[in-house]
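Trainee: I'll drop the sequence and a predicted model, then ask my questions.
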Amino acid sequence: MWDTIAAERGALVEDLSGLTDEQWNTPSLCSGWTVEELVAHQSGTASLTPPTFLVRFAGSGFNFDTFTRREIDRHLGATPEETLAEFKSLQHSTKSPPGPKASWLGETIVHSEDIRRPLGIAHTYPPDAVRQVLDFYKNSNTLIGAKNRIAGIRLQATDADWSHGEGPVAEGTLIDLLMAMTGRRHGAERLSGEGASTLASRCT
């Protein structure tokens, strides 16, 4: 898994090298965060250990939004190039906050798409990795509420042998199903079937 994470981090660095200032300031699919801020967020995740997470989370008054904002500010460089350089230096890091290991693979893939899609950058992710993340999130409500979001809907991949759930069908590519499952309306709007509109209405 860490090899896949490192490869995806490296691919994102290549895609973001040479962006203009305007592109760096593009809103990502994470509401309120620019492309540069989301790169800084990923550097923060790759730098934390369970002890440092707990200390800084407590120092933020156990407020997740405050903690996240402080971590982004901690890893923003004086220029976007500096922000990207730090992220590149952490490509092979295996550090992470406390939590299931699959969640860090999920964060890498989903946040990479949160960055690429507004910039119009296409990327093909390893299907096995995307399936692994789908199988992790489908049973989890922690932080992003994926299990509740997809309740009563049958998800059906059109580019792989993967499906989940019962009810009206929402079908599309593995990566679009993942983006929809994690609350990205951009992903849900690319799905088809009777369940697609219901899933889109549960996304932001």
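Mentor: Nice, I can see it. Numbers count the residues shown, from 1 in each chain.
Trainee: biggest helix in this protein, by residue count?
Mentor: Secondary structure assigned by DSSP state H gives helix 101-119 as the longest helix of the chain.
Trainee: what does the helix or strand just after that helix contact?
Mentor: For helix 101-119, the following helix or strand on the C-terminal side (DSSP states H and E) is helix 127-137. Residues outside helix 127-137 that contact it (Cβ atoms under 8 Å, 6 or more residues apart in numbering) are 1, 4, 8, 100, 102-103, 105-106, 109-110, 144, 146-147, 155, 159-160, 162, 164, 174-175, 177-178, 181-182. In this view, the C-beta of every residue, glycine as well, is placed from N, C-alpha and C.
Trainee: could you find the closest non-adjacent residue to Asp21?
Mentor: Among residues not flanking Asp21 along the chain, Pro80 sits closest, at 6.9 Å (Cβ to Cβ, 6 or more residues apart in numbering).
Trainee: quick one: that neighbour and Leu155, what's the gap?
Mentor: Plainly put, Pro80 is 36 Å away from Leu155 if you go by Cβ to Cβ, to the nearest Å.
Trainee: comparing the two, which residue is more hemmed in?
Mentor: Leu155 (25 against 21; other Cβ atoms under 10 Å).
Trainee: ok so the more buried one is a strand residue?
Mentor: Yes: Leu155 forms part of a strand when assessed by DSSP: H, G, I helix; E, B strand; the rest coil.
Trainee: what comes up buried for the helix or strand encompassing Asp15?
Mentor: Per DSSP H and E, Asp15 falls inside helix 2-16. Within helix 2-16, the residues that qualify as buried are Thr4, Ile5, Ala6, Ala7, Glu8, Arg9, Ala11, Leu12, Val13, Asp15, Leu16, counting by 16 or more other Cβ atoms under 10 Å.
Trainee: can you tell me what sits against that helix?
Mentor: 35, 39, 42, 46, 84, 87-88, 90-92, 94, 104-105, 108-109, 112, 115-116, 121, 123, 125-126, 129.
Trainee: give me the buried entries from these.
Mentor: 35, 39, 42, 46, 84, 87-88, 90-91, 104-105, 108-109, 112, 115-116, 123, 125, 129.
Trainee: state the helix or strand in which Arg74 lies.
Mentor: helix 64-75.
Trainee: may I have the next helix or strand after that helix as CSV, with CA atoms only?
Mentor: Next along the chain after helix 64-75, taking DSSP H and E as the criterion, comes helix 80-89. C-alpha atoms of helix 80-89 as CSV (Å, rounded to 0.1, in the frame of the first residue of the first chain):
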residue,chain,number,x,y,z
PRO,A,80,3.6,27.4,-4.3
GLU,A,81,6.9,25.9,-5.5
GLU,A,82,8.0,25.6,-1.9
THR,A,83,4.8,24.0,-0.9
LEU,A,84,5.2,21.4,-3.7
ALA,A,85,8.8,20.8,-2.9
GLU,A,86,7.9,19.8,0.7
PHE,A,87,5.2,17.5,-0.6
LYS,A,88,7.8,16.0,-3.0
SER,A,89,10.2,15.4,-0.1
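Trainee: tilt between helix 80-89 and helix 2-16?
Mentor: 160 degrees (axes from the mean of the first three to the mean of the last three Cα atoms, to 10 degrees).
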